[in-house]
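Q: what's the 3D shape of this:
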Amino acid sequence: MFAKEKKLVASYWLLLWASTNIVVTFFTVLSFLIDRHRFRFPERTIFYVSL
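A: Just a heads-up that it's a prediction; the model follows:
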């Protein structure tokens, strides 16, 4: 259905965006773990949703 080249490009794009997502999530969790008291009600809820 799709050419091998297009499948390869799609898999590279998915790898790129998945890696970016993992890095952003890691920094979100790390910043939360470093100073938990800084995040009060609205921010803490957003953190839990991001997990």
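Q: in what element of secondary structure is the residue most central in space within the chain found?
A: Nearest to the mean C-alpha position of the chain, counting by CA atoms, centre = their mean, stands residue 21 at 2.7 Å. Using DSSP states H and E, residue 21 sits in helix 4-34.
Q: what mean pLDDT does that helix get?
A: Taken as a whole, helix 4-34 has an average pLDDT of 92.
Q: show me what that helix is packed against.
A: helix 41-50 (3 or more CB pairs under 8 Å, 6 or more residues apart in numbering; DSSP states H and E). C-beta: built from backbone N, CA, C; applies to glycine.
Q: how near is residue 8 to residue 20?
A: Distance of residue 8 to residue 20, given as CB to CB, to the nearest Å: 19 Å.
Q: residue 33 too?
A: From residue 33 over to residue 20 (counting by CB to CB), the distance is 21 Å.
Q: please apply the same query to residue 30.
A: 16 Å.
Q: need the pLDDT of residue 43.
A: The model's pLDDT for residue 43 equals 68.
Q: what about residue 8, neighbour count?
A: Residues within reach of residue 8, counting by other CB atoms under 10 Å, total 11.
Q: correction: the previous question concerned residue 35.
A: 8.
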